[in-house]
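Participant: please find the sequence and the predicted model below.
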Amino acid sequence: MAAGVAAWLPFARAAAIGWMPVANLPMPVAPTNKNKRQDELIILNVSGRRFQTWRNTLDRYPDTLLGSSEKEFFFNEETREYFFDRDPDSFRSILNFYRTGKLHYPRYECISAYDEELAFFGIIPEIISDCCYEEYKDRKRENTERLMDDLEDNKDNKPPNMTFRETMWRAFENPHTSTMALVFYYVTGFFIAISVITNVVETVPCGTTPNQRDIPCGERYTEAFFCMDTACVMIFTVEYLMRLFAAPSRYRFMRSVMSIIDVVAILPYYIGLVMTNNEDVSGAFVTLRVFRVFRIFKFSRHSQGLRILGYTLKSCASELGFLLFSLTMAIIIFATVMFYAEKGSSSSKFTSIPASFWYTIVTMTTLGYGDMVPKTIAGKIFGSICSLSGVLVIALPVPVIVSNFSRIYHQNQRADKRRAQKVQKARLARMRISKAGSSTAFLHSKRNGLNQSLELTGSLEEDQQLKKTTSLLESQHHHLLHCLEKTTNHEFVDERLYEQGYLQTALQNFPSQSPSLSSEEGVTGTCCSRRTKKNIQALNATHTHSHTHNLQELSALHIHCGEQQPLNTSRSSLNLMSDESGSLNCKSSGLVTTAIISIPTPPSNNSRANPDAPPPPNPDAPPRPNPGSDVVKISAL
Amino acid sequence: MGAVVGTLTMQTRQRPSRARDKVDDELEMTMVSHRPEGLEQLEAQTNFTKQELQVLYRGFKNECPSGVVNEETFKHIYAQFFPHGDASTYAHYLFNAFDTRNNGSIKFEDFVMGLSTLLRGTVRDKLEWTFHLYDINRDGFINREEMTEIVRAIYDMMGKYTYPALKGDVPKQHVDTFFEKMDKNKDGVVTLEEFVIACQEDENMMRSMQLFENVM
């Protein structure tokens, strides 16, 4: 329940009078405001700035510093005010939270300072309202990233006991960590360059032989080039093997892109070594040499920009793919049109539609080689349309790639989307939690049997126990919900227990006693034992004037018990451990279900509830060592 | 040519002004606010003390700064107290009960009068108020359909997850019980007198009515 509407609770409770004529059961007793003092203004002095508010406003959230008795530690007797030595600017937001029920995060505020203030005043940041929550989360994330970056920078200080393998890997990954690594880095770079240049120069014609043909340098200085190639490949192989040895996860290393490039770069040489001078496969051998150009990709280890480019292309692959698809469509359309337009003319180069593809591509990219030109008028018209539309279509992919590149360069959008999705999911989760929060609070208090003690005109001690755990506002709200339950004769339950309840009602409809006794006893026996425990203690405390109350409840109950669980009365008498008659057991139909709900609660809940509930002057109650946990064990089928 | 351009521009100029009128209208509506009569007058008309009126007004103004509650806001506020189920139907009937002048909005005076009856009124007043709540069409009689509506609205507030699970005919049983108790001459409707007499005979109900005395 939002604190903003706390002021309307009296109205909601007054409106509950409308349920009274409809209800068949008597209503539970209302929680009374024992210390009914007039609402007073309290002064909160935060570093000299005085804030004033009603005491009731602060009491809305009893689990924070200001709402609980913790603030008494800050009470200043002489000035009769609460003094906090904290930042007054941040305190504004915190006090507004009490007033409106919404916690806002001001943009000018530093995130860590704000977090500290919230922690001091006992407010969890998750309740920041939607309008400010994303801003808060963004700032928080930036802050943690900054902290992590700081941590990583400190990581360069070499930790003392690294194995040789780890040192090597570190040297490979961050060349500037040691001189040796730097040397290695530059040497490999040099050899990559040498290898690429050799491949290029190999094909340059240098010098002529007596038989008038230019031969490429590769064939003229075969040995020299072969030595160069061998040297390069040896260096690359050694490097690859060293990386493989040093890698922390060899399998992952072998799967990575860089290692595949390395392998592809050196493999042709070895394959060439194996199949020498075999004329049949020399064609294939020549093809393999093409792969040597992949050595140029090894430069990407040396250049950050190249890596970003590769990553960009990878990340906008879908956009490029779509673009390719639309281009293909356009090409096919125009090629078809040109083919049929040029079909009539003689000696037309447009021999088939695939042959027209070349013309379309060249025209659309505004290259215009001129090797194929349309001759008919229709062909020329369509050709001009083709080139005009080509300009448009080609202009499309460029901004995509550019924007992607800049995006990735500045902490790309895909990570943001993922973060936004998480934020969205978290936001939905929070809304669900806050909505379910008040309902679970009611169910929670039911489990603890707090509402049960409201059944009777409670003794003083019980009321005090009440006060300890819930605020007056909460208890009044729960009383209201309890009245609704009584009016309709149904109970609020948890979702999952609702499904369980379905199964249990199916079980309990069986009239047979003995076979189902053991299994159902677990269910109803527990409830009855728990009920009777409370009944015994409570009744012993307020014996006399709840008696008549009981009988009336009994009469009301028998009607209800009769239609649903005729076995309850008999079975519960099995569990009675006192001399009280059967009039004790079915206190009200509500209690049956209350206890059933309490079964799955962890023993910690029960153990917490039990010390609270028993009122002190009760020596007659049979000492039960925490039947709650016993109950749980029985029913833990 | 100039005439054509002229007519075209005239058309475009008219459209923004029309849009502006609509925006102005909306602005006016949201600016409407209502201030209640003086504190002394209200104190005289109701059974509340000054402090209680102050507290009530503060809460009222917090949620409805414009000074009037319309049905949407009313439903929203009431629904916050019943997160399990759907409180809007019952809130609708409540709204009609509070809105004595039937103009679709509740001012602070109406609110306080209603509360005064409910919290500080005589038993007869409370019963009359409840009768008017149930009598949806204000014809002086409660018939089965009206009662079924009310009971269904109450059950709606429970929501889906209840124990025992809500079956379809439970409201009907409730209505039957009610009519058995209230309808003395068995003519199918309950008049105000029958209602008051039957309620006064029921001790449980009398006690429950006193339950909310200490709400303020």
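Facilitator: Sure thing, it's come through. Residues are numbered from 1 along each chain as shown, chains lettered A, B, ... in the order given.

Participant: what's near enough to touch the residue most central in space within chain B?
Facilitator: Among the residues of chain B, the one closest to the centroid is B:F95, at 1.4 Å (Cα atoms, centre = their mean). By Cβ atoms under 8 Å, 6 or more residues apart in numbering or on different chains, B:F95 lies in contact with B:E71, B:F74, B:K75, B:I106. No exception for glycine: its C-beta is placed from N, CA and C like everyone else's.

Participant: would you map the strands across the chain?
Facilitator: Assuming you mean chain A. A:41-46, A:49-54, A:75-76, A:81-84, A:205-208, A:214-216, A:491-492 (DSSP state E).

Participant: chain B, not that one
Facilitator: B:68-70, B:105-107, B:142-143, B:162-163, B:189-190.

Participant: okay if I get those as TSV plus mean pLDDT?
Facilitator: Converted to TSV, these look like this (pLDDT from 0 to 100):
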stretch	mean pLDDT
strand B:68-70	85
strand B:105-107	87
strand B:142-143	86
strand B:162-163	77
strand B:189-190	85
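
Participant: mind putting the ones you listed into CSV with mean neighbour count?
Facilitator: Below are those laid out as CSV (neighbours: other Cβ atoms under 10 Å in any protein chain shown):
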stretch, mean neighbour count
strand B:68-70, 18
strand B:105-107, 21
strand B:142-143, 22
strand B:162-163, 24
strand B:189-190, 22
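
Participant: any stretches of the stretch 51-200 of chain A with poor pLDDT?
Facilitator: Within the stretch 51-200 of chain A, the ranges that satisfy pLDDT under 70 run A:149-160.

Participant: tell me where it has helices.
Facilitator: A:55-59, A:88-100, A:111-120, A:130-155, A:164-173, A:179-202 (DSSP state H, counting those that start in this stretch).

Participant: redo the ones you listed as JSON lines? Include distance to A:I296 and mean neighbour count.
Facilitator: Below are these laid out as JSON lines (distance: least, Cβ to Cβ, whole Å; neighbours: other Cβ atoms under 10 Å in any protein chain shown):
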{"stretch": "helix A:55-59", "distance to A:I296": "71", "mean neighbour count": "18"}
{"stretch": "helix A:88-100", "distance to A:I296": "57", "mean neighbour count": "18"}
{"stretch": "helix A:111-120", "distance to A:I296": "46", "mean neighbour count": "16"}
{"stretch": "helix A:130-155", "distance to A:I296": "31", "mean neighbour count": "13"}
{"stretch": "helix A:164-173", "distance to A:I296": "20", "mean neighbour count": "16"}
{"stretch": "helix A:179-202", "distance to A:I296": "5", "mean neighbour count": "16"}
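
Participant: please identify which residue in chain A comes closest to chain B.
Facilitator: A:A7 (2.3 Å; Cβ to the nearest Cβ).

Participant: hmm, B:K61 and that residue touching each other?
Facilitator: No: A:A7 lies out of contact with B:K61 (Cβ atoms under 8 Å); the separation is 9.2 Å.

Participant: between these two, tell me which one has more neighbours.
Facilitator: Legend: neighbour count by other Cβ atoms under 10 Å in any protein chain shown for A:A7 and B:K61, higher for A:A7 (21 against 14).

Participant: hmm, back to that, any chance of the helices of the stretch 51-200 of chain A in TSV, plus distance to B:E52?
Facilitator: What follows is those, written out as TSV (distance: least, Cβ to Cβ, whole Å):
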stretch	distance to B:E52
helix A:55-59	13
helix A:88-100	21
helix A:111-120	35
helix A:130-155	34
helix A:164-173	74
helix A:179-202	81
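
Participant: looking at those, which is nearest to A:K314?
Facilitator: Closest to A:K314 of the helices of the stretch 51-200 of chain A is helix A:164-173 (Cβ to Cβ; 20.7 Å).

Participant: could I have the closest one exported to CSV, CA atoms only?
Facilitator: Extracted in CSV, the C-alpha atoms of helix A:164-173 (Å, rounded to 0.1, in the frame of the first residue of the first chain):
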residue,chain,number,x,y,z
PHE,A,164,56.3,-19.5,-16.7
ARG,A,165,53.3,-20.4,-18.8
GLU,A,166,51.3,-17.6,-17.4
THR,A,167,54.1,-15.1,-18.0
MET,A,168,54.3,-16.1,-21.6
TRP,A,169,50.6,-15.8,-22.1
ARG,A,170,50.7,-12.3,-20.6
ALA,A,171,53.6,-11.4,-22.7
PHE,A,172,51.7,-12.4,-25.8
GLU,A,173,48.6,-10.6,-24.9
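
Participant: elements contacting it?
Facilitator: helix A:179-202, helix A:222-246 (3 or more Cβ pairs under 8 Å, 6 or more residues apart in numbering or on different chains; DSSP states H and E).

Participant: what pLDDT is listed against A:R496?
Facilitator: Looking at A:R496, its pLDDT reads 69.

Participant: ok so, going back, got CSV for the helices and strands packed on helix A:164-173, with distance to A:V373 too?
Facilitator: Formatted as CSV, the helices and strands packed on helix A:164-173 follow (distance: least, Cβ to Cβ, whole Å):
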stretch, distance to A:V373
helix A:179-202, 35
helix A:222-246, 44
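
Participant: including distance to chain B, could those go into CSV?
Facilitator: Formatted as CSV, the helices and strands packed on helix A:164-173 follow (distance: least, Cβ to the nearest Cβ, whole Å):
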stretch, distance to chain B
helix A:179-202, 62
helix A:222-246, 59
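
Participant: re the thing from before, deepest in the core, which of the strands of chain A is it.
Facilitator: When you average the neighbours per residue for each of these (mean count of other Cβ atoms under 10 Å in any protein chain shown), strand A:491-492 leads with a mean of 24.

Participant: other SSEs contacting it?
Facilitator: Using 3+ Cβ pairs under 8 Å, 6+ apart: strand A:491-492 touches helix A:413-447, helix A:472-488, helix A:589-598, strand B:162-163.

Participant: lowest-confidence stretch among those?
Facilitator: Among the helices and strands packed on strand A:491-492, helix A:589-598 scores lowest, at a mean of 36.

Participant: just the contacts of B:F95: which are in helices?
Facilitator: With helices taken from DSSP state H, the overlap with these comprises B:E71, B:F74, B:K75.

Participant: run a quick neighbour tally on the closest residue to A:D262 other than its chain neighbours.
Facilitator: Spatially, and ignoring its direct neighbours in sequence, A:D262 is nearest to A:Y240 (4.8 Å; Cβ to Cβ, 6 or more residues apart in numbering or on different chains). When neighbours are defined as other Cβ under 10 Å, A:Y240 has 16 of them.

Participant: what does A:C110 give?
Facilitator: 11.

Participant: quick check on it: phi, psi?
Facilitator: phi -70, psi 140 (degrees, to the nearest 10).

Participant: where does the stretch 451-600 of chain A dip in pLDDT?
Facilitator: For the stretch 451-600 of chain A (pLDDT under 70), the answer is A:451-470, A:496-498, A:501-600.

Participant: redo that, cut-off 50
Facilitator: Low-confidence segments of the stretch 451-600 of chain A, defined by pLDDT under 50: A:453, A:456-468, A:510-600.

Participant: please apply the same query to chain B.
Facilitator: For chain B (pLDDT under 50), the answer is B:16, B:28.

Participant: let's see 80
Facilitator: B:1-38, B:62-65, B:160-168, B:204, B:208-216 (pLDDT under 80).

Participant: for the residue of it found nearest chain A, grab the count of nearby residues.
Facilitator: Proximity of chain B to chain A (Cβ to the nearest Cβ) peaks at B:G59, 2.3 Å away. The burial count assigned to B:G59 is 19, neighbours taken as other Cβ under 10 Å.

Participant: mind listing the helices for the stretch 201-350 of chain A?
Facilitator: Using DSSP H, counting those that start in this stretch, helices in the stretch 201-350 of chain A cover A:217-220, A:222-246, A:250-255, A:257-274, A:282-290, A:304-315, A:317-342.

Participant: what mean pLDDT does the longest one have?
Facilitator: Looking back up the chat, that one is helix A:317-342. Per-residue scores along helix A:317-342 average to 89.

Participant: if you count contacts, what does it end up packed against?
Facilitator: Using 3+ Cβ pairs under 8 Å, 6+ apart: helix A:317-342 touches helix A:353-364, helix A:377-395, helix A:397-409.
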